[in-house]
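In: Sequence below, structure please.
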Amino acid sequence: MPVPNRILLIALTFVALAFGESASLALPEPLMTQAVQMTERSMALDYAGAMELAKNVRKSDDGVGCVLENIVRVSRYDDLGDTAALIAAGTNLEKCVSTGLWEALRKFELGYVQSESGHSVKGAMTTRSAAKLFEESPEQEARAFYAIYAYYIDKSFSWVPFKSDRRSEYLAVLDSAATGSRRFWPLFLTSLVWMHYDKGDFNAGLKLSMRGLSKAPNHPVLLQVKADMLYKLKRYKEAAAIYEKSAADYLVRTGKSIRYWCAAMNLVRIYADMGDKAKAEQWQKLLSDPVFKQMRQWMPGSLIDDLESRGVLD
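Out: Residues are numbered from 1 along each chain as shown. Presented below is the predicted three-dimensional model:
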């Protein structure tokens, strides 16, 4: 073989190896262990410890560590209602320099932050570009991220005659990943819960929320998800008990945060549907608080719509 060809072959081999590494969510040790521990700390509500682990990863791989840091910030927002953390996540995700599937995950997280911040069209476009990067990967976690996007695309076109509908396949992919992934199982599991909720399969959603609680006992967000399923199953007393405790706990932990107000709004409709007018009115009165009015833009749209249809909100 002539020398130039040998050099070319070696160069192509290195390119292929580099591409293979970048086109994977796999990490070498000890980075993989640190990423898993980050999720464990986050689900134990130790966000400072989780952030420290993400920063340790960043010392070895800046792009991966940057994405992980902002996953922690999004988790803080989801639990504590820390909108400053969400805004910081958006700012930092714009700056992260990632490659391959970690670039896809960066865009996936950024799309969520954009949508949650009120830029739904921009968020949808960013998520779409992430999905295209995930689509061809054989990796379980990458397939699960793609499945989250593809499920809702198939749902939106389900009315079109002869259009293939692979939603059952995507649900199975997510179920498998929610069991098998040690780093991203909370994201996969909660997405799966809300897909079953969307289908009206609240029993499946309840079982999944309980699966999550078996891995992260008493996690406050998963408890609210469980209560949502119980409410839809008309198990009102159980749902009310969870939300009463959730409201009290969040008031102590975070003050009048997003999840505190979510608990209050849910208790209004739970007690109304139970026929307990006095308790429904008791919780309804709290919604006249100026703090709630300032934070209303951060509340789930479907919950706001439900209470507006009941004449509870202005």
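In: The residue lying closest to residue 170 once chain neighbours are set aside: neighbour count?
Out: Once flanking residues are discounted, residue 170 sits nearest to residue 147: 3.9 Å by CB to CB, 6 or more residues apart in numbering. Every residue, glycine included, has its C-beta placed from N, CA and C. Burial of residue 147, expressed as a neighbour count using other CB atoms under 10 Å, amounts to 27.
In: ok, now residue 293?
Out: Here the count is done by other CB under 10 Å, and residue 293 has 12 residues near it.
In: Also the one 5 residues further on?
Out: By other CB under 10 Å, 17 other residues sit near residue 298.
In: Just list the residues touching the residue nearest to it when sequence neighbours are not counted, thanks.
Out: On the basis of CB to CB, 6+ apart, the spatially nearest residue to residue 298 that is not a chain neighbour turns out to be residue 258, at 5.1 Å. If you count contacts by CB atoms under 8 Å, 6 or more residues apart in numbering, residue 258 has them with 81, 83, 295, 298, 299.
In: host element of the residue nearest to residue 170?
Out: Element membership of residue 147, judged by DSSP states H and E, is helix 140-156.
In: contacts for that helix?
Out: Helix 140-156 is contacted from outside by 25, 101, 104-105, 108, 127-128, 130-131, 134-135, 137, 163-167, 169-171, 173-174, 176-178, 180-181, 183-184, 188, 191, 195, 198, using CB under 8 Å, 6+ apart.
In: Please identify the buried residues of it?
Out: Of the residues in helix 140-156, 140-152, 154 count as buried by neighbour count, 16 or more other CB atoms under 10 Å.
In: With pLDDT and distance to residue 224 as new columns, can those residues be given to me in TSV?
Out: Rendered in TSV, the data for the buried residues of helix 140-156 read as follows (pLDDT from 0 to 100; distance: CB to CB, whole Å):
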residue	pLDDT	distance to residue 224
140	97	28
141	98	25
142	97	29
143	97	28
144	98	23
145	98	24
146	97	27
147	97	24
148	97	20
149	96	24
150	96	27
151	96	22
152	94	22
154	92	28
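In: and of the residues you listed, the nearest to residue 92?
Out: The shortest gap between residue 92 and any of these belongs to residue 145, at 19.5 Å (CB to CB).
In: mind checking the SS state of the residue lying closest to residue 269 once chain neighbours are set aside?
Out: Closest residue in space to residue 269, ignoring its immediate chain neighbours: residue 306 at 6.2 Å, by CB to CB, 6+ apart. Applying DSSP: H, G, I helix; E, B strand; the rest coil to residue 306 yields a three-state assignment of helix.
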